[in-house]
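the following comprises the amino acid sequence and a computationally predicted model.
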Amino acid sequence: MFIFGNFFTAIGYILNTVLTVYMWAIIISALLSWVNPDPYNPIVRFLYSITEPVLGPIRRRIGFSIGMDISPMIVILIILFIKHFIVASLLDMGARMR
């Protein structure tokens, strides 16, 4: 059973890393929206291309009712929930199977 334990532990660590990198991409994208960067910059285009598919539907659902875009905060809260619930469960399951 230790093979499955190592598998779940590896999946947990990989998912944790991917979610952390994506959370930082959302934070950087939100900060860039404050300074109005060059839209033709390849880094800006890359950041918007990976964050907009997640932020766009949330923006459409909640709108700008309070005068500011809170979709990055909502996505970060969802990411933190996933990290503390699913990733922690995978790591715990992996540790118990060893």
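Sure thing, it's come through.

packing partners of the helix or strand hosting residue 43?
Using DSSP states H and E, residue 43 sits within helix 42-62. Contacts defined by 3 or more Cβ pairs under 8 Å, 6 or more residues apart in numbering; DSSP states H and E place helix 42-62 against helix 2-35, helix 71-82. Heads up, the C-betas are built off the backbone N, CA and C, glycines and all.

give me the distance between stretch 24-32 and the centre of its chain.
11 Å (Cα atoms, centre = their mean, to the nearest Å).

who's in contact with it?
Here stretch 24-32 makes contact (Cβ atoms under 8 Å, 6 or more residues apart in numbering) with 44, 47, 48, 50, 51, 54, 55, 69, 72, 75, 76, 79.

got the buried residues for that stretch?
25, 26, 29, 30, 32 (16 or more other Cβ atoms under 10 Å).

over to stretch 11-28?
Neighbour counts over stretch 11-28 (16+ other Cβ under 10 Å) mark 11, 12, 15, 16, 19, 22, 23, 25, 26 as buried.

cool, and stretch 41-52?
Buried, per 16+ other Cβ under 10 Å, within stretch 41-52: 44, 47, 48, 51.

show me which of those is closest to residue 95.
residue 51 (32.7 Å; Cβ to Cβ).

tell me how far the helix holding residue 43 lies from the chain's centre.
The chain centre lies 12 Å from the centre of helix 42-62; the measure is Cα atoms, centre = their mean.
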